[in-house]
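Asks: Structure, please.
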Amino acid sequence: MKTLGLIWLIHFLPLSSSERISQQKCKEYAKLVYADEDVPVLRLDAGTNTVSKCGIIETPLIVGGTKAKPMEFPHMAVIGFGKDEISWQCGGTLISDNFVLTAAHCMDSRDKGPATKVQVGLINLKSPGPFMQERNVKERLTHPDYKVPLRYNDIALLKLEKSVELTAEVRPACLEVEEKLLDKMFIASGFGKTAYEAEAGSEDLMKVTLDRIQTEECREKFKGEVGSKAMPDGLRDTMICAGVMEGGKDTCQGDSGGPLQRVLREPYCTYSVLGITSFGKFCAFKNSPAIYTKVSSYLDWIEKTVWP
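Replies: Sure, this is the predicted structure:
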């Protein structure tokens, strides 16, 4: 695979008062990709140079997925449950220095209780590496309209006890502001199962490219759910449907709460998170797409909570 060019020539536009606060923060956080590096004293240009530390792969290809590279998803978070022996069961997205976006059903684990820990800056659970930061969860904020057993409004925020140190290796993602999705493919990432029959999730952060499934086609796949306790109204406009209808690529158990994202052309080296992994029928089965909570439908709630 080819990597993106070292630096795309862009200009950070002045922050406009007409922009949403999340758009302003997107531009602010994007600047973190540039870091100062020392130049050896023996060189004529000794001192410091500003360099790009972009780790995004231009065409990323989890079930049917591949391992993520270091710094490829600097916003990726993993959520832990329990007190003594932490069980990492959900994913999330760092969206500020002290908030992680995730699914409402990831607030509690059946066997371990409420979410207690968050880790960022890692691509392997057993070998976290030098950029990993761990924080305690201070507050669990579920969307007020999320009601079990309904699958609607499956979105939540975790407030961290201590702010994350933002760097080129650990930095927030942008939030999708466009209601109409034009991209035909998205990228999902997570530490979930890599096969439906697998007993546990992946130690490695995985990535997979998924197709956007048209709403009507997806409604047909989930028509059996209409009238059920979980989805009495069927699919709503606050949901995104994505997958590969031929099978072989998907998100799975353990990926819940993680991001469905796209790479932005501007700001440079930045992802926009447009969905939150919510649920699916199977993992990577033929004609079995998954459902993601649509982030743009909840921007008002997110913004007033994270940046009041």
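Asks: from here on, contacts and neighbour counts on C-alpha atoms
Replies: Fine.
Asks: To which secondary structure element is Val137 assigned?
Replies: Element membership for Val137, per DSSP states H and E: strand 133-142.
Asks: And stretch 89-99, end to end?
Replies: This stretch, stretch 89-99, spans 18 Å end to end (C-alpha to C-alpha, to the nearest Å).
Asks: quick one: contacts of that stretch?
Replies: For stretch 89-99, contacts defined as C-alpha atoms under 8 Å, 6 or more residues apart in numbering pick out 75-81, 100-103, 106, 109, 120, 157-166, 171-175, 190-192, 254-259, 306.
Asks: Quick check: can you name the pairing partners of the helix or strand following the strand holding Val137 and their directions?
Replies: Counting by DSSP H and E, the element after strand 133-142 in chain order, helix or strand, is strand 156-160. Strands that pair with strand 156-160, judged by DSSP bridges, come out as strand 99-102 (antiparallel), strand 133-142 (antiparallel).
Asks: Can you tell me which of the ones you listed is packed in deepest?
Replies: strand 99-102 (a mean of 28; mean count of other C-alpha atoms under 10 Å).
Asks: State the mean pLDDT of it.
Replies: On average, the pLDDT along strand 99-102 is 99.
Asks: which residues touch Ser189?
Replies: Contact analysis of Ser189 by C-alpha under 8 Å, 6+ apart lists Ile62, Met76, Leu205, Met206, Lys207, Val208, Thr251, Asp255, Gly258, Pro259, Leu260.
Asks: do Pro128 as well
Replies: By C-alpha under 8 Å, 6+ apart, Pro128 lies in contact with Gly121, Leu122.
Asks: Likewise for Arg262?
Replies: With contact set as C-alpha under 8 Å, 6+ apart, Arg262 has these partners: Met185, Phe186, Ile187, Tyr271, Ser272, Val273, Leu274.
Asks: Can you tell me which of the residues you listed is nearest Cys54?
Replies: Tyr271 (11.3 Å; C-alpha to C-alpha).
Asks: quick one: pLDDT of the closest one?
Replies: pLDDT, Tyr271: 97.
Asks: before we move on, what about Gly248?
Replies: On the pLDDT scale, Gly248 is placed at 66.
Asks: Same check on Lys27?
Replies: With respect to pLDDT, Lys27 scores 97.
Asks: Same question for Ile155.
Replies: We have a pLDDT of 99 for Ile155.
Asks: count of neighbours near it?
Replies: Counted with other C-alpha atoms under 10 Å, residues neighbouring Ile155 total 30.
Asks: Quick check, it in contact with Met107.
Replies: No. Using C-alpha atoms under 8 Å, Ile155 is not in contact with Met107; the gap is 9.6 Å.
Asks: Overlap of the contact sets of the two?
Replies: Taking C-alpha under 8 Å, 6+ apart as the criterion, Ile155 and Met107 both touch Thr142.
Asks: which regions of the stretch 1-150 of the chain sit below the pLDDT cut-off?
Replies: Along the stretch 1-150 of the chain, the model assigns pLDDT under 70 to residues 1-17, 37-48, 58-64.
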